[in-house]
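Trainee: Pasting the sequence and the predicted model now:
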Amino acid sequence: MINRSHDFRKRSSFALLFALAGLAPTALISAQATEDISRSETDLTSASLQLEANPETSVGEENLSAATLLNSSPSNESNSESPELTVAQVSEELSEDASSSNENSSPETGVTTLDLPEEETQTVSSQMDAPITSYSSILSSESMSQVTSVSQLSDVQPTDWAFQALQSLVERYGCIAGYPDSTFRGDRSLSRYEFAAGLNACLDRINELIAAGTATLADRQDLLTLQRLQEEFAAELAALRGRVDVLEARTAELEANQFSTTTKLFGQAVIGIQGRTDNEFQLGVDQFEDESEPNVITNLQLSLLTQFSPRSILLTGLQAGDGSTTTGDPALTTFFGLGYEGDTDHDFELSDLSYRHLFGDNFALIAGPAGVNAVNVFRGSNRVESAGFGPLSRFAQRNPIISIGAGRGGAGFDWQISDNFSLQAVYSASTPAENTDGGLFGGENGVTSVGAQLVISPARRFDIALQYVNSYSPFGRLFTGVGDDQVAVATGARFRAPIKTNAAGASVEWRVARPVTVGGWFGYTHSDLLGESGSVETTNWMAYLNFPDLFREGNLGGIYVGQPPRIVDSDLPVGRNIPAVLNLSDNGDGQPDAATHLEVFYRFRVNDNVTLTPGVMVIFNPGHNDANDTITVGGLRTTFSF
């Protein structure tokens, strides 16, 4: 299993596929929680495939160029630093520069050639042409030279009746010589002296081979010692043979009853114990008091990875969970949600059903009714992004604009343009299988999104990711599940507030040294209320420090400080304006204050399959209102992978 902290990441949903193809040297308490867990699911698959990505490899080159398919996978740690699954890897894992290693190789044969200076080439050529003194030089007035391959004899053809005999004598025994003009002259008469000299050369060679083959053979004394030891340890040898027989029987039973020869089962179970402080908060003109008790959250992920070929895989994911930190207070839940929440009341739900295929060495395609969205397709610059192994909070997982639309099914691709550039794009719908709610193309009742990300890696330790997302939502929500997620008040019998959103973001990460990584992101959204006048703008930012292998290999420390998505401007009509309704802001203004998110965590690797992650989150001015009490959340996350 993978031991290092940065290995449990989500680089790209294609990381696993790239890894399986051998190209990696080598990533909502509504819908969003499921996607966070799904992203960890891909990481698990990568880990189960034992893909260990190079932490110094850039995101731009990791998956495809010598390459992190499927996150996953299997990445986002996107870097595979890798292909053929997860959403991947399957990469995650994800690569070293393939072009440098193949620089002097023949494209047809792949055989490495040497570019020698002209003078060296001439020297080598002259040495090859020079005759080698052999026994025949003293027997003939025309000097003959030793040959190492029968192909050096220009007048010997494979159709000659003695070709195989000559080939054996030349290439196996090395006791046949040719003339300086590279001929054998097989039709020439042979003198008795030449025959004797040639026979003697072959016999000498055979004697050398016999001597070399018998030099290490045991003598009589060695055999007697071996016999005595065998008798002395007869009981132990018998016991060992019995154990071997038992192991062989068990192996045969496992092979006969294995789940599948092409499908592998992987899993992850998360158990979190957490609690938060009681607090008072303002909602409109009223003041409320929120009380909280410590609770337990569980989440189980099962992943089935079916490999049809080294370049094609099918990923099936099932998720079941129970418990949440966000029940009750509807106004502030998006400010302290945890990444591993996914309450399904213990019922299993389909979290992933996607097919991934790698075309050539640089282009991978993903399509399916579940698990296809920007979260699983985009390579993430943050190498510790993972609901099961990264930060505790949902906000600290990734730039929230990537989660806009809460997409479920669709299609996307990952293209390694060059060693330093890669491009990912995806189209996703929230209800692709439900035609009454819009289906794959959304319609008026479904949420859809289309997005692209360009990853630039100007240096091995430095990554930049630029994102753009366009989304439609009929409910006035961005569906990020973080901060100001609801940007317009939904009204009417169907609670509608159709909005069209354009979002842009940038993420950066600099691996200063192996034990220290600095990174951050910025996100901006602009949403127009369709059918009515007005628009809404939000911003969010995050800065972080990661400390891989802190105090011990496989451990991870992290410090994250940022502002959750905040409405900075809203001129929606009266009754639609969120800041005015929640915090009594003047129409046209944004939220009165800015919330600040501070998170510190430390992941401790107990062994290859178990990690413990204690952490603390402090949210100042939750709800972007300084009239609200500061919220402190403490938790202990235990993650089991198998």
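Mentor: Looks like it came in fine.

Trainee: My read is that residue 526 contacts residue 567, right?
Mentor: No. Counting by CB atoms under 8 Å, residue 567 is not a contact partner of residue 526; they are 11.3 Å apart. C-beta: built from backbone N, CA, C; applies to glycine.

Trainee: any common contacting residues for these two?
Mentor: The overlap between the contact sets of residue 526 and residue 567 (CB atoms under 8 Å, 6 or more residues apart in numbering) consists of 536, 537.

Trainee: Of those two, give the one with the bigger neighbour count.
Mentor: Counted by other CB atoms under 10 Å, residue 526 and residue 567 do not tie: residue 567 has more neighbours, with 27 against 14.

Trainee: beta partners of the more buried one?
Mentor: Residue 567 has these beta-bridge partners by DSSP bridges: residue 538.

Trainee: so how far is residue 181 from it?
Mentor: Note on residue 567: its distance to residue 181, by CB to CB, to the nearest Å, is 90 Å.

Trainee: Same check on residue 335?
Mentor: Distance, residue 335 to residue 181, by CB to CB: 89 Å.

Trainee: Pick out whichever of these two has more residues nearby.
Mentor: Remark: of residue 335 and residue 181, residue 335 carries more neighbours, 28 against 11, as counted by other CB under 10 Å.

Trainee: where are the low-confidence patches of the stretch 401-550 of the chain?
Mentor: With pLDDT under 70 as the threshold, the stretch 401-550 of the chain has low-confidence stretches at 436-438, 442, 493.

Trainee: just the strands in it please.
Mentor: 409-416, 421-429, 448-459, 462-473, 499-513, 516-529, 535-548 (DSSP state E, counting those that start in this stretch).

Trainee: tell me the angle the last one makes with strand 499-513.
Mentor: Here strand 535-548 points in a direction 20 degrees away from that of strand 499-513 (axes from the mean of the first three to the mean of the last three CA atoms, to 10 degrees).

Trainee: could I have strand 535-548 exported to PDB, CA atoms only?
Mentor: Presented in PDB, the C-alpha positions along strand 535-548 are these (Å, rounded to 0.1, in the frame of the first residue of the first chain):
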ATOM      1  CA  SER A 535     -27.100  39.600 -10.700                       C
ATOM      2  CA  VAL A 536     -25.000  38.300  -7.800                       C
ATOM      3  CA  GLU A 537     -21.200  38.100  -7.400                       C
ATOM      4  CA  THR A 538     -19.300  35.900  -4.900                       C
ATOM      5  CA  THR A 539     -15.600  35.400  -4.100                       C
ATOM      6  CA  ASN A 540     -13.600  32.900  -2.100                       C
ATOM      7  CA  TRP A 541     -10.000  32.300  -1.300                       C
ATOM      8  CA  MET A 542      -7.700  30.000   0.600                       C
ATOM      9  CA  ALA A 543      -4.000  29.800   1.600                       C
ATOM     10  CA  TYR A 544      -2.500  26.700   3.000                       C
ATOM     11  CA  LEU A 545       0.700  25.000   4.200                       C
ATOM     12  CA  ASN A 546       1.100  21.200   4.000                       C
ATOM     13  CA  PHE A 547       3.800  19.300   5.800                       C
ATOM     14  CA  PRO A 548       4.200  15.800   4.300                       C
END
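
Trainee: So that it lines up with my notes, have the first residue be 667 from now on.
Mentor: Got it, first residue is 667 now, which makes that one strand 1201-1214.

Trainee: Next, the buried residues of it.
Mentor: Across strand 1201-1214, burial judged by 16 or more other CB atoms under 10 Å covers 1201-1208, 1210-1214.

Trainee: Count the residues that sit near the nearest residue to residue 1164 once chain neighbours are set aside.
Mentor: Take residue 1164 and drop its neighbours on the chain: the residue closest to it by CB to CB, 6 or more residues apart in numbering is residue 1196, 4.3 Å away. When neighbours are counted by other CB under 10 Å, residue 1196 registers 15.

Trainee: contacting residues around residue 1196?
Mentor: Residue 1196 sits next to 1164, 1165, 1166 when contact means CB under 8 Å, 6+ apart.

Trainee: hang on, the earlier thing: looking at the buried residues of strand 1201-1214, which one is closest to residue 1290?
Mentor: Nearest to residue 1290 among the buried residues of strand 1201-1214, counting by CB to CB, is residue 1204 at 10.3 Å.

Trainee: what sits against that closest one?
Mentor: Here residue 1204 is in contact with 1144, 1149, 1150, 1153, 1189, 1190, 1191, 1193, 1231, 1232, 1233, 1234 (CB under 8 Å, 6+ apart).

Trainee: Tell me the most packed of the residues you listed, by neighbour count.
Mentor: residue 1144 (32 neighbours).

Trainee: That residue reaches residue 1151, doesn't it?
Mentor: Yes. Between residue 1144 and residue 1151 a contact is recorded at 5.4 Å, counting by CB under 8 Å.

Trainee: Helices of this protein, residue ranges please.
Mentor: Under the criterion DSSP state H, the chain carries helices at the ranges 681-686, 697-714, 725-728, 764-767, 784-795, 829-834, 858-880, 886-898, 900-923, 1040-1043, 1244-1249.

Trainee: Return the member of the buried residues of strand 1201-1214 nearest to residue 875.
Mentor: Using CB to CB, residue 1214 comes nearest to residue 875 of those, at 54.7 Å.

Trainee: That closest one bridge partners, please.
Mentor: Bridge pairing for residue 1214 - DSSP bridges - gives residue 1222.

Trainee: That one and residue 1234, how far apart?
Mentor: Distance from residue 1214 to residue 1234, counting by CB to CB: 35 Å.

Trainee: ok, now which ones touch residue 1194?
Mentor: Remark: with contacts taken as CB under 8 Å, 6+ apart, residue 1194 is in contact with 1165, 1166, 1167, 1200, 1201.

Trainee: can you list those in CSV and add distance to residue 911?
Mentor: Putting the contacts of residue 1194 into CSV (distance: CB to CB, whole Å) gives the following:
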residue, distance to residue 911
1165, 69
1166, 70
1167, 66
1200, 79
1201, 76
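
Trainee: need the contact list for residue 1235.
Mentor: 1201, 1202, 1203, 1254, 1255, 1256.

Trainee: let's go with 7 Å and repeat that
Mentor: Residues in contact with residue 1235, defined by CB atoms under 7 Å, 6 or more residues apart in numbering, are 1203, 1256.

Trainee: State the pLDDT value of it.
Mentor: pLDDT, residue 1235: 90.

Trainee: Okay, now the unreliable bits of the stretch 867-1016 of the chain?
Mentor: Judged by pLDDT under 70, the stretches of the stretch 867-1016 of the chain that qualify are 880-885, 923-927, 948-957, 992-997.

Trainee: Quickly list what residue 1194 is bridged to.
Mentor: On the basis of DSSP bridges, residue 1194 is bridged to residue 1166, residue 1201.

Trainee: Let me fix that, I meant to ask about residue 1018.
Mentor: Applying DSSP bridges to residue 1018 gives these bridge partners: residue 983.

Trainee: I'd say it and residue 982 touch.
Mentor: Yes. Counting by CB atoms under 7 Å, residue 1018 touches residue 982, with 6.4 Å between them.

Trainee: Neighbour count: the two, which is higher?
Mentor: For residue 1018 and residue 982, the more surrounded residue by other CB under 10 Å is residue 1018, and the numbers stand at 33 against 19.

Trainee: State the distance from that one to residue 1155.
Mentor: Relative to residue 1155, and taking CB to CB, residue 1018 is found at 34 Å.

Trainee: cool, residue 1139 as well?
Mentor: Distance of residue 1139 to residue 1155, computed by CB to CB: 13 Å.

Trainee: Likewise for residue 1271?
Mentor: Here residue 1271 is placed at a distance of 46 Å from residue 1155 (CB to CB).

Trainee: More neighbours: those two, which one.
Mentor: Neighbour comparison, residue 1271 and residue 1155: the larger count goes to residue 1271, with 23 against 19 (by other CB under 10 Å).

Trainee: Let me know the pLDDT of the closest residue to that one other than its chain neighbours.
Mentor: Leaving aside its sequence neighbours, residue 1271 sits nearest to residue 1220 (CB to CB, 6+ apart; 3.6 Å). Here the pLDDT value assigned to residue 1220 is 90.
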